[in-house]
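Asker: A structural model of the following input is requested.
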Amino acid sequence: MYSLEHKIPIIAFAEDRCFSLFEHPQVDSLHTVYHEPKAEIIPSVDQLLAGVEIQKLLNICSGPYRF
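Answerer: Okay, here's the model as predicted:
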């Protein structure tokens, strides 16, 4: 939820697929620069957790964010 509220992208990795809750240039750069699979957009956290077994999460944060 924090990701959506503050527009900080999180990428979920599951085998050879990537997922995100929304489109973002930094999410796209994982595909174009680092050759990861293109992230599939999943509109809710519940759908994401119910759909796949997540192996790792990547929180992409740039700037002076405070957690």
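
Asker: Check which helix or strand the spatially most central residue of the chain maps to.
Answerer: For the chain, the residue nearest the mean C-alpha position is I11 (2.0 Å; C-alpha atoms, centre = their mean). Taking DSSP states H and E as the criterion, I11 maps to strand 10-14.

Asker: quick revisit: distance check, the residue nearest to the residue nearest to the centre of the chain when sequence neighbours are not counted against M1.
Answerer: Counting by C-beta to C-beta, 6 or more residues apart in numbering, L58 is the residue found nearest to I11 once chain neighbours are left out, at 4.4 Å. Placement of C-beta: from N, CA and C, glycine included. Going from L58 to M1 by C-beta to C-beta, to the nearest Å gives 17 Å.

Asker: which of those two has more neighbours?
Answerer: Each of L58 and M1 has its neighbours counted (other C-beta atoms under 10 Å); L58 has more, 16 against 8.

Asker: shouldn't the more buried one be in contact with S3?
Answerer: No - using C-beta atoms under 8 Å, L58 makes no contact with S3, being 11.1 Å away.

Asker: Could you tell me which residues touch both of these two?
Answerer: When contacts are counted by C-beta atoms under 8 Å, 6 or more residues apart in numbering, L58 and S3 have I10 as shared neighbours.

Asker: So, low pLDDT: which residues of this structure?
Answerer: 62-67 (pLDDT under 70).

Asker: And the strands in the protein, which stretches?
Answerer: 10-14, 17-20, 40-41, 56-59 (DSSP state E).

Asker: Quick one: those as JSON lines, columns for distance to Q47 too.
Answerer: Formatted as JSON lines, these follow (distance: least, C-beta to C-beta, whole Å):
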{"stretch": "strand 10-14", "distance to Q47": "11"}
{"stretch": "strand 17-20", "distance to Q47": "9"}
{"stretch": "strand 40-41", "distance to Q47": "10"}
{"stretch": "strand 56-59", "distance to Q47": "15"}
